[in-house]
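S.K.: can you look at this prediction? I've put the sequence above it.
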Amino acid sequence: MYQRILVPLDGSEFAELALDAARAVALPCPAEIILMRVAGHPVTHFYVEATDIIALPTDDSVEHCAAYLAEKVRALAAEGITARFQVGQGMAADEILRQAELNSVNLIVIATHGRSGFGRWRLGSVADRVTQGSRVPVLLVRRGDPPAA
């Protein structure tokens, strides 16, 4: 049985797919869910569409990340799931692995693709690095996967 489950989120709908799987694993245990997000600076993501470059500002400040995660924790608590959150800083995969160690988690539940959408081959680069570097099991959730049972 799992006691602590780490769920990295980046604010995207894709990444939030991991929450459904984490809920399904946590409820019968019962396990604590630790949500995390890696903060950065307000940055701009660039997308190339035809011949135009479209800039989309994002807010990855510590405050914004904490508010986002606090809302998710409240929703989990309303379902009777013990949850808390951590906001990290640095490279996403490295910080996820660091938080897993610091929080003595038994499982990491992560979506294969987050904000970036397409990653390396069929597995996002962050999820790939977490899977390769983790000392605990990693449950990968793809878009279209049914929730874990």
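M.R.: Cool, got the structure. Residues are numbered from 1 along each chain as shown.

S.K.: what about the helices in the chain?
M.R.: Secondary structure of the chain (DSSP state H): helices located at 13-26, 62-78, 92-102, 125-133.

S.K.: which one, of those helices, ends up nearest to residue 2?
M.R.: Nearest to residue 2 among the helices of the chain is helix 13-26; the distance by Cβ to Cβ comes to 6.2 Å. Where you see a C-beta, it was placed from the backbone N, CA and C, and this is true even at glycine.

S.K.: quick one: that closest one to chain centroid distance?
M.R.: Centroid displacement of helix 13-26 relative to its chain, using Cα atoms, centre = their mean, to the nearest Å, is 9 Å.

S.K.: what do you get for stretch 84-98?
M.R.: Computed by Cα atoms, centre = their mean, the chain-centroid distance of stretch 84-98 equals 9 Å.

S.K.: in it, what's buried?
M.R.: Neighbour counts over stretch 84-98 (16 or more other Cβ atoms under 10 Å) mark 84, 85, 86, 87, 88, 92, 93, 95, 96, 97 as buried.

S.K.: who touches that stretch?
M.R.: For stretch 84-98, contacts defined as Cβ atoms under 8 Å, 6 or more residues apart in numbering pick out 6, 8, 10, 32, 34-40, 62, 65-66, 69-70, 72-73, 99, 103, 108, 110, 125-126, 129-130, 133-134.
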